[in-house]
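Peer 1: build the 3D model from these lines:
(2 chains)
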Amino acid sequence: MPDDRTDGKAALQERVAQLGLQFLRRTLGDLVTIRECLDACAAGDVGAIAQLERLTHRIHGTGLTFGFPAISQYAADLERLARAALRSPIGDSEMLESLAAGARHLADEVTRTAKAAGVSSAR
Amino acid sequence: MERALLQNVLYVDDEPHIREIVAMALSLSGDLSVQTCDSGSQALALMRAQRPDLVLLDVMMPDMDGPATLARMRADAALASLPVVFMTAKAMPHEISGFLQIGAIGVIAKPFDPMRLADQVLQMWERLADAG
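Peer 2: Numbering: from 1, shown residues only, chains lettered A, B, ... in the order given. All right, here's what the predicted structure looks like:
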């Protein structure tokens, strides 16, 4: 007969799965913010790079917890690039290209995963 | 000597879904009362009011991050002795070492396994009790 702890584990697993779908939906929306950050970075807005770092850090940390290791990894890569960009000269074209490439990889993975899970953006 | 029981935990994270999962995961132990909040400043107020046995702190939060929250705790006589565990994706060996140097009793890497989290926290608590 299942005890309280077994019931609790089942409830937790179910909630993690539900929140995973919410994570995908929200991250699809985050892709728009990431593009806006990149545009602002290109215009020399250092604050946008810091925002990009925070956003990708959150996706990195949360993605794995909800069972999306590839999304988490691409977010970690972009987070690392954003951190490096904070130490680079504003508007460094090579750095901007790296950030754009990293954002594309992340966007492709999020879009692919969301489509496979039947999730569309909340925006 | 009887070991002090871990009864009250405060978890601080700006990410609401992670707060929910951590609260559910810690509640699996059956004996833990878990409170959560979303910022370092709110955490300091809760600690003063409720004196949790253990504080779990996310590292990267807007405004006051985890290390800054810990620094404020250590500078406050009423909170200085509260044990802190960081939960973070910044879990490279040199980063863990840095967190321990500034006074954390342990670090739990994100992503964490929700099914094992309560056991991890209880093990850290037991190590602290054994050392103390």
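
Peer 1: so where does the one residue in chain A that gets nearest to chain B fall, helix or strand?
Peer 2: Nearest residue of chain A to chain B (Cβ to the nearest Cβ) works out as residue A:64 at 3.3 Å. (Glycine included, C-beta is placed from N, CA and C.) In this structure, residue A:64 sits in helix A:46-65 according to DSSP states H and E.

Peer 1: the residue of chain A closest to chain B reaches residue A:74, doesn't it?
Peer 2: No: the pair formed by residue A:64 and residue A:74 falls short of the contact definition of Cβ atoms under 8 Å, at 11.7 Å.

Peer 1: returning to that earlier point: count the neighbours of the residue of chain A closest to chain B for me.
Peer 2: 21 (other Cβ atoms under 10 Å in any protein chain shown).

Peer 1: residue B:84 too?
Peer 2: Neighbours of residue B:84 (other Cβ under 10 Å): 23.

Peer 1: repeat for the one 5 residues further on
Peer 2: Per other Cβ under 10 Å, the neighbour tally for residue B:89 reads 24.

Peer 1: what do you get for the one 4 residues further on?
Peer 2: Here the number of neighbours of residue B:93 (other Cβ under 10 Å) works out to 7.

Peer 1: what do you get for residue B:123?
Peer 2: Neighbour number of residue B:123 under other Cβ under 10 Å is 12.

Peer 1: and for residue A:65?
Peer 2: Neighbourhood size, residue A:65 [other Cβ under 10 Å]: 23.

Peer 1: same check on residue A:45?
Peer 2: Close neighbours of residue A:45, defined as other Cβ under 10 Å, add up to 14.

Peer 1: pLDDT score assigned to it?
Peer 2: Note on residue A:45: pLDDT of 87.

Peer 1: does anything pack onto the lowest-mean-pLDDT helix or strand in chain B? Which helices or strands?
Peer 2: Lowest on mean pLDDT, DSSP states H and E among the helices and strands of chain B sits helix B:117-131, with a mean of 91. Contacts defined by 3 or more Cβ pairs under 8 Å, 6 or more residues apart in numbering or on different chains; DSSP states H and E place helix B:117-131 against helix B:16-27, strand B:54-58, strand B:106-109.

Peer 1: pLDDT weak spots in chain B?
Peer 2: In the predicted model, chain B carries pLDDT under 70 at residues B:1-3, B:132.

Peer 1: just want the most central residue of it.
Peer 2: In chain B, the centroid-proximal residue (Cα atoms, centre = their mean) is residue B:56; its distance is 1.2 Å.

Peer 1: touching, it and residue B:9? I think so.
Peer 2: Yes: taking Cβ under 8 Å as the definition, residue B:56 is a contact partner of residue B:9 at 6.3 Å.

Peer 1: quick check: neighbours shared by those two?
Peer 2: Each of residue B:121 lies in contact with both residue B:56 and residue B:9 under the rule Cβ atoms under 8 Å, 6 or more residues apart in numbering or on different chains.

Peer 1: partners of the closest residue to residue B:19 other than its chain neighbours in the sheet?
Peer 2: Spatially, and ignoring its direct neighbours in sequence, residue B:19 is nearest to residue B:36 (4.3 Å; Cβ to Cβ, 6 or more residues apart in numbering or on different chains). For residue B:36, the beta-bridge partners under DSSP bridges are residue B:11.

Peer 1: can you pull the contacts of residue B:36?
Peer 2: Neighbouring residues of residue B:36 by Cβ under 8 Å, 6+ apart: B:10-13, B:19, B:22-23.

Peer 1: how far out from the middle of the chain is the strand or helix carrying residue A:116?
Peer 2: Counting by DSSP H and E, the element that carries residue A:116 is helix A:93-117. Its chain's C-alpha centre and that of helix A:93-117 lie 9 Å apart, by Cα atoms, centre = their mean, to the nearest Å.

Peer 1: pick out the residue of chain B closest to chain A.
Peer 2: Nearest residue of chain B to chain A, counting by Cβ to the nearest Cβ: residue B:111, 3.3 Å away.
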